[in-house]
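1. from the sequence below, what's the structure:
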Amino acid sequence: MTTEFVTPTTGASNTSTRDMLSKVIDIEGNPYKRDFPLLANNPQISFLDSAATAQRPKSVLDAQRDFYERLNSNPLRGLYKLSVEATAAVDEVREKVAKFINADSPDDIVFTRNATESLNLMAKSLGGSILKPGDEVVITIMEHHSNLIPWQQVCRQTGAKLVYMYPDKEGFLSDEEIETKIGPKAKIVSVAQVSNVLGVENPVKKIGERAHQQGAYFIVDGAQSAPHMHVDVKDIGCDAFAFSGHKMFSPMGIGVLWARKNILEKMPPMLTGGEMIESVTEDDAVWAELPHKFEAGTQDAAGIVGLGAAVDYINSIGMDRMEAREHALVKYLAEQLSQLDFVRIFGPKDPAQHTAVVAFNVCGIHPHDVASILDASDVCIRAGHHCAMPLMTWMGVHSTCRASVAMYNDKKDIDQLISGLKKVWAVFNGDK
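-> Take a look at the predicted model:
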């Protein structure tokens, strides 16, 4: 059996590099589950729902607890030692996150609750201040509701038009679709880097170039990409990038918005109140400097520290190693599913074109029934519309099953899913 050893490479994620590295990955072996208490304590569980939320390593749980046990105080608001140290801890994480996505400055990193809040912030603060009747906001039909509903709302409020880009049957956006839909009326283009249903990686650099040619702002939803691949906001060329911590091993309730400084400076805050002000009079207020202008109220400092620990954990393994392992896992997953003649896979036909996610249905059996029966076999998958109802309508289904992998999964997890699906089929169809 091949030993898992990958020499890290530099630069942005690359399909050929990923394919090469994944060939030396041993998905039967698993040196990672022991790092995750829930998985280590429940070895019978096959957890294949990391696209919804990832498990947390012990180092992240320890960091969050350590904050409350050793530093618990309100950052920025006190001059005493505990508060100063808590502030320093938050500032340190801001620097780690900036480096993680290759942002120029930690001051451009805004902490939110999740990617949903980050995208709402962009829609309400940027969209609400620049859009007017006749303008267009361009997204794709495959967007998570978090990158769809906020734009629906701001278009309704401003009189702008929401324009959809549609992929081909496998989920890929064509050059023609990008050029046709992103026209001179486009003022904002906002797309997911990776679909949470189809698992396709969208050509964000190409989309961004087209958006900027038309004078539009380009926003990327990185909720499904930041946990699984190198993210370089400079290389992507986007104007803003949003992601959630809980999908990349950190606590729930902490998210990130990065945007270019000149954009953040002219955007009005979405939330107002404590901490986000420089001064207040009876009649007016002056906003605090970046990034605090957008961080009203007491932040989840322990969650932020946990996010920093998650970044440390990812860096300790190496994103190249993680990406290669997940590529090998999802390729095996798609291949095994394709061998079941009662399963229909959505998205790319090539297993190697899926990024951490495979959506599928069992013929004639509702996804909720599939997920419930799999649960009896200790297999955890997602079933439903995955917060992507317009995509489901376009696909001609009401819901799907979805299995998603992370680096802590192994071949046994996928084999357990396949065995469980055979039991599902047998429950409804006997030996037929």
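
2. all helices of the stretch 301-432 of the chain, in order?
-> Ranges of helices within the stretch 301-432 of the chain are 301-317, 319-338, 367-376, 389-395, 411-429, based on DSSP state H, counting those that start in this stretch.

3. could you list the buried residues of the longest one?
-> Residues of helix 319-338 classed as buried: 319-334, 336-337 (neighbour count, 16 or more other C-beta atoms under 10 Å). For the C-beta atoms, the positions are set from N, CA and C on the backbone; glycine is no exception.

4. by how many degrees do that helix and helix 411-429 diverge?
-> Comparing the axes of helix 319-338 and helix 411-429 via axes from the mean of the first three to the mean of the last three C-alpha atoms, to 10 degrees yields an angle of 20 degrees.

5. same for helix 319-338, what does it pack against?
-> The contact analysis (3 or more C-beta pairs under 8 Å, 6 or more residues apart in numbering; DSSP states H and E) places helix 319-338 against helix 15-22, strand 343-346, strand 357-362, helix 411-429.

6. would you list these in JSON lines and tack on distance to Ile139 and mean neighbour count?
-> As requested, the helices and strands packed on helix 319-338 are exported to JSON lines (distance: least, C-beta to C-beta, whole Å; neighbours: other C-beta atoms under 10 Å):
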{"stretch": "helix 15-22", "distance to Ile139": "25", "mean neighbour count": "15"}
{"stretch": "strand 343-346", "distance to Ile139": "20", "mean neighbour count": "20"}
{"stretch": "strand 357-362", "distance to Ile139": "19", "mean neighbour count": "26"}
{"stretch": "helix 411-429", "distance to Ile139": "32", "mean neighbour count": "18"}
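
7. closest to Lys161 out of the helices of the stretch 301-432 of the chain?
-> Across the helices of the stretch 301-432 of the chain, Lys161 has its closest neighbour in helix 389-395 (15.7 Å, C-beta to C-beta).

8. which outside residues touch the closest one?
-> Contact with helix 389-395 is made by 141-143, 145, 148, 164, 166, 195, 197-198, 346, 385-386, 398-400, as judged by C-beta atoms under 8 Å, 6 or more residues apart in numbering.

9. could you do stretch 271-288 as well?
-> Applying C-beta under 8 Å, 6+ apart, the external contacts of stretch 271-288 come out as 76-77, 269, 289, 292-298.

10. same check on stretch 157-168?
-> 127-128, 131-142, 151-152, 154-155, 173-174, 177-178, 181-182, 185-187, 191, 198, 200, 390, 394.

11. drop anything exposed from those.
-> By 16+ other C-beta under 10 Å, these give 127-128, 131, 135-142, 151, 154-155, 173, 177-178, 181-182, 185-187, 191, 198, 200, 390 as buried.

12. now, those that are in helices?
-> The members of these that map onto helices under DSSP state H are 128, 151, 154-155, 177-178, 181, 390.

13. can I get these in TSV including distance to Leu119?
-> Compiled in TSV, these are given as follows (distance: C-beta to C-beta, whole Å):
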residue	distance to Leu119
Gly128	13
Trp151	9
Val154	11
Cys155	14
Glu177	22
Ile178	20
Lys181	19
Pro390	16
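
14. quick check, nearest of those to Leu39?
-> Pro390 (34.0 Å).

15. nearest to Val405, out of the helices of the stretch 301-432 of the chain?
-> Using C-beta to C-beta, the helices of the stretch 301-432 of the chain put helix 319-338 closest to Val405, at 4.4 Å.

16. pLDDT of that closest one, averaged?
-> Here helix 319-338 scores 97 as its mean pLDDT.
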